[in-house]
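# Task: produce atomic coordinates for the following.
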Amino acid sequence: MAEPENQLMQVRLEKLQNLRDQGIDPYPHSYDRTHTSNQATDLLKLAEEANEGEDEARTETVSVGGRIVRYRGMGRATFADIQDGEGNIQLLFRRNSLTDTYETLKELDIGDWIGAAGPVFRTRTGEATIEVQEWTVLSKSIRNLPEKWHGLTDVEARFRQRYLDLISNEDARRIAIMRSRMISALRRFMDGRGFMEVETPILVQVPAGGSARPFATHHNSLDRDLYLRIATELHLKQLVVGGFEKVYEIGRVFRNEGLDVTHNPEFTTMESYEAFADYNDVMAMVEQMFFTLAQGVLGSATVEFEGETIDFTPPWPRLDLREEIKQRSGIDFLEAPDIESLKTEMKAIGLDAGHQMSWGGLLDKLLSDTVEPHLVQPSFLVDYPVEMSPLAKKKRGNPLLVERFEGFVAGMEICNAFTELNDPIDQRQRMEKQEQLRGEFENEDSDRLDEDFLVAIEHGMPPTGGLGVGIDRLAMLFAGQRSIREVVLFPQLRSR
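Residues are numbered from 1 along each chain as shown. Model prediction:
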């Protein structure tokens, strides 16, 4: 700890001891708060309406509690602003009405939690204020808040000490509240469509259901390795086999990958599966979902993001993946059906394809570099090659493609969906192919064969439409933030 900080902390520790010497418990067990800051302010407005301007309106006695964020003494009076979970309210301490406790105010600092009781009135400057009749210390802070109440200016420090960021950064608080409301609204949307929320295992024996490197751990009692799930898909589809026709799960998944503005090793998804539906039905649900969430959470179907007005109003354009890649790059992937021919085509337009990559990996890079940045308004890319989608059903009329779509907004993938593959013979062959690719392309992530899942769908899975939505990226859009770290309360960070 730096020396000035040590000295400031020592001063606070002395004040802490002074409180104890006066018989004051600086960390009481509870506090009887009757009103939040907003509720106290609303109570004053009601009193003013009832008073009709005849005299200065005052409310009944209320008790509030919060953290001191401003503190200024003026001789015979002291003002303080406290912050609670809803906002701020001003407190007025008068020496002549607090004869026994006024001197104790000198032991307080910005950052301390206090409770205060008294009527609410409005000062000459128009600010709702509590005239304190009694007050108590709720928690003495022994460390300083960010200097001069300017907040944390070091970006890494903001995320490492998120609690300080939330105290001093109103935007951080707004985003956290917005995300919570968004998830609640998503649950209401899914519940309203007859889906049942379920929970599936986080520790799994086979990390399947996606192309990603897993985190591994070891279970001592069972003496076997386990993995943190990389997706919830395969367990959810087992529930469809079991007869639950509409299921969804909102939860964390874990992928042992790098950190960047759109990726965090642990992230939140919503996956849903609906029997008797296909990817067309899911597309209709997705555009209605995002439209409903935007209106419910933001109060509008549009949001400003990096200078663009994003409009979630349905319908969203359905863009053919093959045609979009041809238009943006000049490459027809069906005419470059092997690794070498696709590499040659990509090199011809200046794309680095020298790393060890499967055909599907090359096409994914081509898509990411040439098409995705142009998908600013909400759009669906539809009909992907079989090689990129081992869990999706082949497209009716074209067995080289599958019925899959990805939703894009502001150049980011925000959802992924299939008409789910329910042919157990085809699914086994595709999973075996994924295992083969994992052996051939060690530097590239491929899916894994999960025997338990294969046995499940061998018992019969009805036609099913499946969906995965990236909750963090949706929150980024709604909050107008390009970095995922802004919408995850505790993101993973590199070592100090």
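
# and after the lowest-mean-pLDDT helix or strand in the chain, which helix or strand comes next?
One helix or strand of the chain scores below all others by mean pLDDT, DSSP states H and E: helix 155-160, with a mean of 84. Using DSSP states H and E, the helix or strand that directly follows helix 155-160 along the chain is helix 162-168.

# And that following helix, what's buried?
When burial is assessed from 16 or more other Cβ atoms under 10 Å, helix 162-168 yields the following buried residues: 162, 164, 165, 167, 168. C-beta: built from backbone N, CA, C; applies to glycine.

# Three-state assignment for residue 324, please.
Under DSSP: H, G, I helix; E, B strand; the rest coil, residue 324 falls in the helix class.

# in the stretch 51-200 of the chain, which spans are strands?
61-73, 77-83, 88-94, 113-122, 128-131, 134-139, 196-197 (DSSP state E, counting those that start in this stretch).

# gap between the helix or strand following the last one and the chain center?
Spelled out, it's strand 196-197. Counting by DSSP H and E, the next helix or strand C-terminal to strand 196-197 is strand 203-204. Centroid separation for strand 203-204 versus its chain: 23 Å, with Cα atoms, centre = their mean, to the nearest Å.

# Sheet partners, orientation included, of strand 203-204?
Here strand 203-204 is paired, per DSSP bridges, with strand 224-228 (antiparallel).

# Using CSV, list the CA coordinates for the partner strand.
The C-alpha trace of strand 224-228 is given here as CSV (Å, rounded to 0.1, in the frame of the first residue of the first chain):
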residue,chain,number,x,y,z
ARG,A,224,-12.3,-39.2,-13.0
ASP,A,225,-11.8,-36.1,-15.1
LEU,A,226,-14.7,-33.8,-15.7
TYR,A,227,-15.2,-30.7,-17.7
LEU,A,228,-17.1,-27.4,-17.4
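
# ok, back up a step: lowest-confidence entry in the buried residues of helix 162-168?
pLDDT across the buried residues of helix 162-168 is lowest for residue 168, at 86.

# other SSEs contacting the helix or strand encompassing residue 319?
Assessed by DSSP H and E, residue 319 sits inside strand 318-320. On a contact count with 3 or more Cβ pairs under 8 Å, 6 or more residues apart in numbering; DSSP states H and E, strand 318-320 meets strand 379-385.

# partner strands of the next helix or strand after the strand it packs on, parallel or antiparallel?
Per DSSP H and E, the first helix or strand lying C-terminal to strand 379-385 is strand 394-395. Strands that pair with strand 394-395, judged by DSSP bridges, come out as strand 398-409 (antiparallel).

# And the average pLDDT for the strand it pairs with is what?
Mean predicted confidence for strand 398-409 is 97.

# now the angle from it to strand 379-385?
Here strand 398-409 runs at an angle of 150 degrees relative to strand 379-385 (axes from the mean of the first three to the mean of the last three Cα atoms, to 10 degrees).

# Touching strand 398-409 from outside, list them.
Contact with strand 398-409 is made by 278-279, 282-283, 286, 310, 316, 318, 322, 334, 372, 375-386, 388-389, 392-396, 413-419, 421, 477, as judged by Cβ atoms under 8 Å, 6 or more residues apart in numbering.

# Counting neighbours, which of those residues end up buried?
278-279, 282-283, 286, 310, 316, 322, 372, 375-376, 378-386, 388-389, 392-395, 413-419, 421, 477.

# what's the closest non-adjacent residue to residue 236?
residue 273 (5.1 Å; Cβ to Cβ, 6 or more residues apart in numbering).

# how deep is that neighbour tucked in, by neighbour count?
Number of residues near residue 273 (other Cβ atoms under 10 Å) recorded here: 28.

# ok, then the element right after the helix or strand where it lies?
For residue 273, the enclosing helix or strand under DSSP H and E is strand 266-275. Scanning forward in sequence from strand 266-275 by DSSP H and E, the next helix or strand is helix 279-298.

# Report the buried residues of that following helix.
For helix 279-298, burial by neighbour count (16+ other Cβ under 10 Å) applies to 279, 282-283, 285-287, 289-294, 297-298.

# would you list these in JSON lines and tack on distance to residue 347 and pLDDT?
Formatted as JSON lines, those follow (distance: Cβ to Cβ, whole Å; pLDDT from 0 to 100):
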{"residue": "279", "distance to residue 347": "33", "pLDDT": "98"}
{"residue": "282", "distance to residue 347": "36", "pLDDT": "98"}
{"residue": "283", "distance to residue 347": "35", "pLDDT": "98"}
{"residue": "285", "distance to residue 347": "40", "pLDDT": "98"}
{"residue": "286", "distance to residue 347": "36", "pLDDT": "98"}
{"residue": "287", "distance to residue 347": "37", "pLDDT": "98"}
{"residue": "289", "distance to residue 347": "40", "pLDDT": "98"}
{"residue": "290", "distance to residue 347": "38", "pLDDT": "98"}
{"residue": "291", "distance to residue 347": "42", "pLDDT": "98"}
{"residue": "292", "distance to residue 347": "45", "pLDDT": "98"}
{"residue": "293", "distance to residue 347": "42", "pLDDT": "98"}
{"residue": "294", "distance to residue 347": "41", "pLDDT": "98"}
{"residue": "297", "distance to residue 347": "45", "pLDDT": "97"}
{"residue": "298", "distance to residue 347": "44", "pLDDT": "97"}
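
# ok, now which ones touch residue 456?
Counting by Cβ under 8 Å, 6+ apart, residue 456 touches 237, 238, 241.

# Give the buried subset of those as a PyMOL selection command.
A single PyMOL command is used to select the members of these judged buried by 16+ other Cβ under 10 Å:
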select buried, resi 237+238+241
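
# Now secondary structure too, for the contacts of residue 456, in a markdown table please.
Below are the contacts of residue 456 laid out as a markdown table (three-state DSSP):
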| residue | secondary structure |
| --- | --- |
| 237 | helix |
| 238 | helix |
| 241 | helix |
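
# a markdown table for the contacts of residue 456, including pLDDT?
Below are the contacts of residue 456 laid out as a markdown table (pLDDT from 0 to 100):
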| residue | pLDDT |
| --- | --- |
| 237 | 97 |
| 238 | 97 |
| 241 | 98 |
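
# Among the contacts of residue 456, which one sits closest to residue 72?
Looking at the contacts of residue 456 and their distance to residue 72, the nearest is residue 237, at 61.7 Å (Cβ to Cβ).

# in the sheet, who's paired with the nearest residue to that closest one once chain neighbours are set aside?
Spatially, and ignoring its direct neighbours in sequence, residue 237 is nearest to residue 273 (5.9 Å; Cβ to Cβ, 6+ apart). The partner list for residue 273 in beta bridges (DSSP bridges) reads residue 247, residue 466.
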